[in-house]
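[1] pasting the structure only:
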């Protein structure tokens, strides 16, 4: 679930804090997205219109699940028949999984804020069947380490706000393939490494913000004419890339490398 429109604020009502996705996004590699936007411009297409009109089976299946959770019909205007068929197949697979696991959605899309760590987020669902689990839906062609860190961060938010209702049933990540609409279910009994990894990124987020301010010229309100090269940001989607990103972070916190590679290993095992 993304950031709510009004943002997240501490209990004082005035101090705004970053969201889970904002923190993770600060250190995400975005080369592919930039190339896509560049290609749209080269072809004379407004990338915003192309983004808004893009329909894929995974996103549609995701919307079907949201509609099922909220007991609301899903509007599907101008959806190609082949995309609709794939999305429906994925949604039916989800319904079968929900029936077999007998998991019940007790809370959904609830915005929460951590006063302790100063961040906010909105999770997709709390799933209960004797034990309480955190659930997250994704429309993507693969799963990445940041997904585990994201759902783990939601666990931090939940357990701080509801300390008498711990996440004792693990973490579910339900993925809908964007192209084929295939349904994939992943489960982890605990994600302590994901929590440590996210909290370290939370600290790095503040350090990055401070360094960006200090990179400006002294005694000037504008940035220096010559800017330092941008820091490479790596998506933790492979051991090599994860290790390269962590080498930058390890100058401050060497143990981050272990946590990130650990998350990547757990993704490989879960596929």
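    The structure has been received and is ready for your questions. This structure is a prediction, so every number in the text was calculated from the model and none was measured.
[2] doesn't residue 134 make contact with residue 158?
    Yes: using CB atoms under 8 Å, residue 158 is in contact with residue 134, at 6.6 Å. The C-beta positions use only the backbone N, C-alpha and C, and glycine is treated the same way.
[3] which residues do the two both contact?
    123, 126, 167 (CB atoms under 8 Å, 6 or more residues apart in numbering).
[4] okay if I get these as a markdown table plus pLDDT?
    Converted to a markdown table, the shared contacts of residue 158 and residue 134 look like this (pLDDT from 0 to 100):
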| residue | pLDDT |
| --- | --- |
| 123 | 94 |
| 126 | 96 |
| 167 | 97 |
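[5] what mean pLDDT does stretch 168-187 get?
    Averaging pLDDT along stretch 168-187 gives 90.
[6] before we move on, what about stretch 213-227?
    Across stretch 213-227, pLDDT averages out at 60.
[7] and residue 151, what is it in contact with?
    123, 134, 136, 171, 173, 191, 194.
[8] test my guess that the last one contacts residue 152.
    Yes: using CB under 8 Å, residue 194 and residue 152 qualify as a contacting pair, with a distance of 3.0 Å.
[9] just checking: what are the partner strands of the strand ranked longest in the chain?
    Determined from DSSP state E, the single longest strand within the chain is strand 131-139. Partner strands for strand 131-139, per DSSP bridges, with pairing direction: strand 125-129 (antiparallel), strand 171-176 (parallel).
[10] contacts for it?
    In contact with strand 131-139 (CB under 8 Å, 6+ apart) are residues 1, 56, 58-59, 61-62, 65-66, 103, 105-106, 123-127, 147, 150-151, 154-155, 158, 165-176, 178.
[11] for that strand, buried residues please.
    Residues of strand 131-139 classed as buried by neighbour count (16 or more other CB atoms under 10 Å): 132-139.
[12] helices of the stretch 51-200 of the chain, residue ranges please.
    Taking DSSP state H, counting those that start in this stretch as the test, the helices found in the stretch 51-200 of the chain are 57-70, 81-101, 145-161, 192-214.
[13] below-threshold pLDDT in the stretch 1-150 of the chain: ranges please.
    In the predicted model of the stretch 1-150 of the chain, residues 1-5, 29-36, 47-55, 77 satisfy pLDDT under 70.
[14] how about a cut-off of 50?
    Along the stretch 1-150 of the chain, the parts satisfying pLDDT under 50 run over 52-53.
[15] nearest to residue 93, of the strands paired with strand 131-139?
    Nearest to residue 93 among the strands paired with strand 131-139 is strand 171-176; the distance by CB to CB comes to 9.3 Å.
[16] got the angle between the closest one and helix 192-214?
    On the basis of axes from the mean of the first three to the mean of the last three CA atoms, to 10 degrees, strand 171-176 is oriented at 80 degrees to helix 192-214.
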